[in-house]
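[1] structural data only, the sequence is not supplied:
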DNA sequence: TTCGTCAGTGACGGTTCGTCACATATTATA
DNA sequence: TATAATATGTGACGAACCGTCACTGACGAA
């Protein structure tokens, strides 16, 4: 006796995505704090009960959005990882792909940050939590790959008392700190006047990579020019979209 | 005709602090997301109307708590700034005072982060917003002071294309990233297994400071031993309180 | 005593959340 | 085709929370 399945997996997935997209749209217009399940329900051709079949609560929906966002970011990371060029350049490129992501999808970026808070995780379903962890692992794979490339070609050697994972994390947390505090989606950091996120991210990356002795050091190579052409080649559409939003990566500030 | 003041300034301030403390207690036990104005009201010997005389809404209360927290952190920073020793050591010490703060007052730390979100700021009173900005400036003063000391004694010189403010920010955002992602109050960063926040903060600080050529470089000096004694001397009580919470700074992980 | 002002109160309307009893659709079986 | 069984969908409802406002009481001035 097989249980009759009236709705196939694909249709369910599609509906889930429809709900997520509607929610993202609402967040973009009203701000994440004003997201309401009631509002989502009216935007969507289903009733409240059906929505709650997919997400056990508001927080669970938020986490699902976050997972979707991480997938988007993961693609950008992977493209940076696969790009041509030396390992250090690609790591810088990856950091900037992170910035592009934050600039292009501020609502998604914010969702990811919010979804990390214990209250969201605590109220979410196991399914979405596990899904999220898997996606993050995939995210880390690109970073890990670049570091390994650097170790293999000899341009990088592990600093004292640090393993690969710690190197990966140092780069990640550095980029996270700079972008989070300066992305403008967060009213962080008084005295952020005169701080330009792309310039600071560039400088911090250089300081950190120089600090670990990753060749070529910034004094020996014009990383900026290289970065500029790499970005133009790898993320042409994304840069266009950023420009369409009235923002633009300002390379003159640190060239 | 002077308007009759039946309640003096001090009493108001005292009441405000009472409300804040009650709210912090509630956050510690129930989590920040379950903080309710109704719960605050029952904890406090005033009625709802009176509470709303002090704070125009829930978010305004949250911002007030955040301000209070920044004051606490500012004191720790200032103590690090005033400590004896070379500039670079004191900067490392300051970074660890940040970590101590995050470990000792996780609820406060979380409040500060939450209060940076646009929705909180947007719903808060001008009074508390301005107060917060002033407090943050004070916070930055300690960092700024240490960097200036480094520049004055010649142990540090500005990297290409970077000014003092950028140096300050690079240190701040680095510490922020590492502590935020690893402090455990945020369910961040899959693959954080085997990452130890005090060790990573130490390593990141060294990489960054080495990267800017801040003397003495980590290869020339045992910063760890120095840090350990400095912490013991400057923050004995705080370390005790951390130990009382069942946590302890693990220096063996990177000595 | 009377009036005006101000601190303080808590009941109330408006939202939002998440549930659940019920309705409808689809498939299996007689 | 009729009927039963199961899957799917609905929206009214109670609970919780927010912030307000009409009211009370206390105090000082006239």
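    Nice, thanks for sending it over. Quantities reported herein were computed from a predicted structural model and do not represent experimental measurements.
[2] all helices of the stretch 101-250 of chain A, in order?
    For the stretch 101-250 of chain A, the helices defined by DSSP state H, counting those that start in this stretch occupy A:106-115, A:118-122, A:126-152, A:164-182, A:197-211, A:223-234, A:236-244.
[3] looking at those helices, which is closest to residue A:217?
    Evaluated over those, closeness to residue A:217 peaks at helix A:197-211, with 5.4 Å, by Cβ to Cβ. In this view, the C-beta of every residue, glycine as well, is placed from N, C-alpha and C.
[4] so which bits of the stretch 101-250 of chain A are right by DNA strand C?
    Residues of the stretch 101-250 of chain A found near DNA strand C (Cβ under 7 Å from any atom of the strand) are residue A:123.
[5] list the backbone torsions phi and psi for residue A:222.
    Per-residue torsions, residue A:222: phi -80, psi 80 (degrees, to the nearest 10).
[6] residues near it, how many?
    Each residue near residue A:222 was counted by other Cβ atoms under 10 Å in any protein chain shown, and the total is 11.
[7] what separates it from residue A:100, distance-wise?
    21 Å (Cβ to Cβ, to the nearest Å).
[8] before we move on, what about residue A:212?
    Residue A:212 is 24 Å from residue A:100, by Cβ to Cβ.
[9] which residues touch whatever residue of the stretch 51-200 of chain A ends up closest to chain B?
    Residue nearest to chain B within the stretch 51-200 of chain A: residue A:177 (2.9 Å; Cβ to the nearest Cβ). By Cβ atoms under 8 Å, 6 or more residues apart in numbering or on different chains, residue A:177 lies in contact with B:172-178, B:180.
[10] which one is it nearest to, not counting chain neighbours?
    Using Cβ to Cβ, 6 or more residues apart in numbering or on different chains and skipping the chain neighbours, the partner closest in space to residue A:177 is residue B:177 (2.9 Å).
[11] before we move on, what about residue A:58?
    The spatially closest residue to residue A:58, leaving aside those adjacent along the chain, is residue A:37, at 5.5 Å (Cβ to Cβ, 6+ apart).
[12] please apply the same query to residue A:64.
    Excluding the flanking residues, the one nearest residue A:64 by Cβ to Cβ, 6+ apart is residue A:128, at 5.4 Å.
[13] the spatially most central residue of chain A: which element?
    By Cα atoms, centre = their mean, the mean C-alpha position of chain A lies nearest to residue A:73, the distance being 4.2 Å. Assigned by DSSP states H and E, residue A:73 falls within helix A:58-82.
[14] where does the stretch 101-250 of chain A dip in pLDDT?
    Residues of the stretch 101-250 of chain A that meet the criterion pLDDT under 70 lie in A:184-193.
[15] one more pass at 80, please.
    Applying pLDDT under 80 to the stretch 101-250 of chain A flags the ranges A:183-193.
[16] would you point out which residue of it is nearest DNA strand D?
    For the stretch 101-250 of chain A and DNA strand D, the shortest gap (Cβ to the nearest atom of the strand) falls at residue A:119, measuring 12.7 Å.
[17] looks like residue A:203 contacts residue B:161 (just checking).
    Yes: between residue A:203 and residue B:161 there is a contact under Cβ atoms under 8 Å: 7.0 Å.
[18] what do these two both touch?
    Residues touching both residue A:203 and residue B:161 comprise residue A:254, with contact defined as Cβ under 8 Å, 6+ apart.
[19] out of the two, which sits in the busier spot?
    Ranked by neighbour count (other Cβ under 10 Å), residue A:203 and residue B:161 place residue A:203 first, with 24 against 14.
[20] against DNA strand D, how distant is the residue nearest to residue A:131 when sequence neighbours are not counted?
    Computed as Cβ to Cβ, 6+ apart, the closest residue to residue A:131 that is not its neighbour in sequence is residue A:67, at 5.3 Å. Counting by Cβ to the nearest atom of the strand, to the nearest Å, the separation of residue A:67 from DNA strand D is 21 Å.
[21] and residue A:78, how many neighbours does it have?
    Using other Cβ under 10 Å: residue A:78 sits among 17 other residues.
[22] with adjacent residues omitted, what lies nearest to it?
    Nearest to residue A:78 is residue A:142, by Cβ to Cβ, 6+ apart, at 5.2 Å.
[23] and the one you found, what does it touch?
    A:74, A:77-78, A:80-81, A:94 are the contacts of residue A:142 under Cβ under 8 Å, 6+ apart.
[24] before we move on, back to that, pretty sure the residue nearest to residue A:64 sits against residue A:63.
    Yes: the pair residue A:128 / residue A:63 is scored as a contact, 4.7 Å apart, by Cβ under 8 Å.
[25] higher neighbour count, those two?
    residue A:63 (27 against 22).
[26] for the more buried one, give me the pLDDT.
    Listed pLDDT for residue A:63 reads 96.
[27] quick one, what contacts it?
    Counted by Cβ under 8 Å, 6+ apart, residue A:63 has contacts A:115, A:120-121, A:124, A:128-129, A:132.
[28] most neighbours among these, which one?
    Going by other Cβ under 10 Å, residue A:115 tops the contacts of residue A:63 with 25 neighbours.
[29] what's the helix or strand for the closest residue to DNA strand D within chain A?
    At 2.2 Å from DNA strand D, residue A:49 is the closest residue in chain A, using Cβ to the nearest atom of the strand. Applying DSSP H and E as the criterion places residue A:49 in helix A:48-54.
[30] anything in that helix near DNA strand C?
    Yes: residues of helix A:48-54 contacting DNA strand C under Cβ under 7 Å from any atom of the strand: A:48-49, A:52.
[31] residues of that helix that come out buried?
    Burial within helix A:48-54, assessed by neighbour count using 16 or more other Cβ atoms under 10 Å in any protein chain shown, is assigned to A:51-52, A:54.
[32] can I get the residues you listed in TSV with pLDDT and distance to residue A:148?
    TSV is the format used below for these (pLDDT from 0 to 100; distance: Cβ to Cβ, whole Å):
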residue	pLDDT	distance to residue A:148
A:51	96	43
A:52	96	44
A:54	95	38
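[33] closest to residue A:32 among these?
    Checking those against residue A:32 by Cβ to Cβ gives residue A:51 as the nearest, at 17.7 Å.
[34] any idea how far residue A:123 is from that closest one?
    15 Å.
[35] rewinding a little: so who does the residue nearest to residue A:131 touch?
    Per Cβ under 8 Å, 6+ apart, neighbours of residue A:67: A:128, A:131-132, A:135.
[36] how many neighbours does residue A:232 have?
    For residue A:232, the count of nearby residues is 11 (other Cβ under 10 Å).
[37] same check on residue A:152?
    For residue A:152, using other Cβ under 10 Å, the count is 10.
[38] do residue A:11 as well
    Around residue A:11 there are 10 other residues, counting by other Cβ under 10 Å.
[39] contacting residues for the closest residue in space to residue A:94 that isn't next to it in sequence?
    Spatially, and ignoring its direct neighbours in sequence, residue A:94 is nearest to residue A:80 (4.0 Å; Cβ to Cβ, 6+ apart). Counting by Cβ under 8 Å, 6+ apart, residue A:80 touches A:90, A:93-94, A:96-97, A:142, A:146, A:234.
[40] on that earlier part again, quickly name whichever of the buried residues of helix A:48-54 is closest to residue A:153.
    residue A:54 (46.4 Å).
[41] per-residue pLDDT, the nearest residue to that closest one once chain neighbours are set aside?
    Excluding its sequence neighbours, the residue lying closest to residue A:54 (Cβ to Cβ, 6+ apart) is residue A:16, at 5.2 Å. The model reports residue A:16 with a pLDDT of 94.
[42] could you say which helix or strand holds residue A:16?
    helix A:9-30.
[43] who does that helix touch, helix- and strand-wise?
    helix A:37-43, helix A:48-54, helix A:58-82, helix A:106-115 (3 or more Cβ pairs under 8 Å, 6 or more residues apart in numbering or on different chains; DSSP states H and E).
[44] can you tell me which of the ones you listed is nearest to residue A:228?
    Between residue A:228 and the helices and strands packed on helix A:9-30, the shortest separation by Cβ to Cβ is 14.5 Å, and it involves helix A:58-82.
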